[in-house]
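Asker: Take this sequence and fold it.
(one chain, ligands or ions: 1)
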Amino acid sequence: MRTLLLTFILILIMLFSAVQSSAQPVQTKKYVIFRDDDVGLGSLKTLQAVNQVHIDENVPLTLAIIPHPNVNGTGNELLWNTSINNYLKSIVTNPLFEFAQHGYTHQNNSLTSGSGNPSEFAGEPLEVQYDAIRQGRDDIRGAFGVTPTTFVPPWDNGDLTTLVALRALGFTEYCTGGTEFPHLKDRVNGIQVERAAIDFDISGSYDALNKSVEEAKKTTDQFLNDPNNDTLIVGYHLWAFNAPDGSADARKVQLLRDYIDYVKNTGEVQFARLDRSATMGTETAAAASSGLTNVSGISAVASSGLTKVSSVLTPYKMWLSSGVAVACLFSFEWVVGPKKSARK
Ligand SMILES: [Zn+2]
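Answerer: Numbering: from 1, shown residues only. The predicted structure is shown next:
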């Protein structure tokens, strides 16, 4: 009789803790990633000023580098002794900065003529795309000693063939824009397709940039309230922060700093590079990257995050309920014990 009662109590406790466990809201980490396009063009002063914001704020940045912007140039243009190339060389060991590849020449239809899209790659044959991407990758590796694993298609426009070429070349991340994203997401195994949900204004005026930053704050709030999305990618072009004379406009650069502070002040947000290798915040880089690699698409990232959290929660709950059960057994014995010996 007593054993039966004990078993009944134990089952009740296990059931109770199981219900408690499944009723817990699962908290996923929220990641914000910045992407700077067209690195290699424009003023060194602006590039330095924008990068300095990321250094001061300790917020990573993926630099989308154009390997061969001068179509008439020969050889590896990134080895040319330019101030931008020398500057890029000086920051390559800083873990805040990811060196990603932004096309090859970043010229519309420069590879072969004929495709109607505003794109360097879309519509081009596989061999043509493969050779251009490989050359760009090799140029970045030759100049800076790092092999890019992230590819950003110029004008946020490539095609399925681009993904196949990238995969064959060992790329694992393709970051594009909203128009292309739904067509290419989850189409090729081994390469994650993501989109920049925010793109700061590039018209050049302070007011337009300010307005786009204000809109970005609203998009950020929506992202933070969306349980199905754990990554927000913010794209910008460094030349959007230029003054009319080509130098950096301090007021515009301040808008970027303000936006980063706004994101920080919202609470639990981690910052990462597109390759996820440098995640800043309370979590270690290794933990963050293991949770985010080998997945494709944002939904996959979100679900892997959920699995990670629940796998941490489950053993904890089990230990807790076991502990409570043992404590109840002991207290039951303590109450019932003397009566048992008295009865005997
Ligand atoms: Zn571009």
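Asker: By proximity to the ion, which residue of the stretch 51-200 of the chain wins?
Answerer: Per C-beta to the ion, residue 154 is where the stretch 51-200 of the chain lies closest to the ion, at 4.6 Å. For the C-beta atoms, the positions are set from N, CA and C on the backbone; glycine is no exception.
Asker: Pretty sure residue 132 sits against residue 106.
Answerer: No - with contacts defined as C-beta atoms under 8 Å, residue 132 does not count as touching residue 106, sitting 10.8 Å away.
Asker: rewinding a little: leaving out the residues flanking it, which one is nearest to the residue of the stretch 51-200 of the chain closest to the ion?
Answerer: The spatially closest residue to residue 154, leaving aside those adjacent along the chain, is residue 103, at 4.1 Å (C-beta to C-beta, 6 or more residues apart in numbering).
Asker: Run a quick check on that neighbour versus residue 121, I expect a contact.
Answerer: Yes - using C-beta under 8 Å, residue 103 makes contact with residue 121 at a distance of 7.2 Å.
Asker: host element of residue 90?
Answerer: In the assignment (DSSP states H and E), residue 90 maps to helix 83-91.
Asker: Quick check: next helix or strand after that helix?
Answerer: The next secondary structure element downstream of helix 83-91 (using DSSP H and E) turns out to be strand 97-101.
Asker: list the helices and strands that next one packs on?
Answerer: Applying 3 or more C-beta pairs under 8 Å, 6 or more residues apart in numbering; DSSP states H and E, we find strand 97-101 packed against strand 61-65, helix 126-144, strand 150-151.
Asker: quick one: secondary structure of residue 55?
Answerer: Secondary structure of residue 55, reduced to three states by DSSP: H, G, I helix; E, B strand; the rest coil: helix.
Asker: Out of the helices and strands packed on strand 97-101, indicate the one that is most buried.
Answerer: Of all the helices and strands packed on strand 97-101, strand 61-65 has the most neighbours on average by mean count of other C-beta atoms under 10 Å, namely a mean of 28.
Asker: Need the residues that contact that one.
Answerer: For strand 61-65, the external contacting residues (C-beta atoms under 8 Å, 6 or more residues apart in numbering) are 33-40, 51, 54, 78, 88, 96-102, 140, 148, 150, 152, 175, 273-275.
Asker: Can you confirm whether it lies near the ion?
Answerer: No - contact of strand 61-65 with the ion (C-beta under 5 Å from the ion) is absent, the minimum separation being 6.8 Å.
Asker: what pairs with that strand, and is each one parallel or antiparallel?
Answerer: Taking DSSP bridges as the criterion, strand 61-65 sits next to strand 30-39 (parallel), strand 97-101 (parallel) in its sheet.
Asker: tell me the secondary structure for the residue nearest to residue 154?
Answerer: In terms of secondary structure, residue 103 is coil; the call rests on three-state DSSP.
Asker: Pull the contacting residues for it.
Answerer: The contact partners of residue 103, taken as C-beta under 8 Å, 6+ apart, are 66, 67, 120, 121, 132, 136, 152, 153, 154.
Asker: Give me the phi and psi for it.
Answerer: Residue 103 adopts backbone torsions of phi 70, psi -160, taken as degrees, to the nearest 10.
Asker: so how many other residues sit close to residue 218?
Answerer: Counted with other C-beta atoms under 10 Å, the burial measure for residue 218 works out to 10 neighbours.
Asker: And it, which helix or strand is it part of?
Answerer: Element membership for residue 218, per DSSP H and E: helix 206-224.
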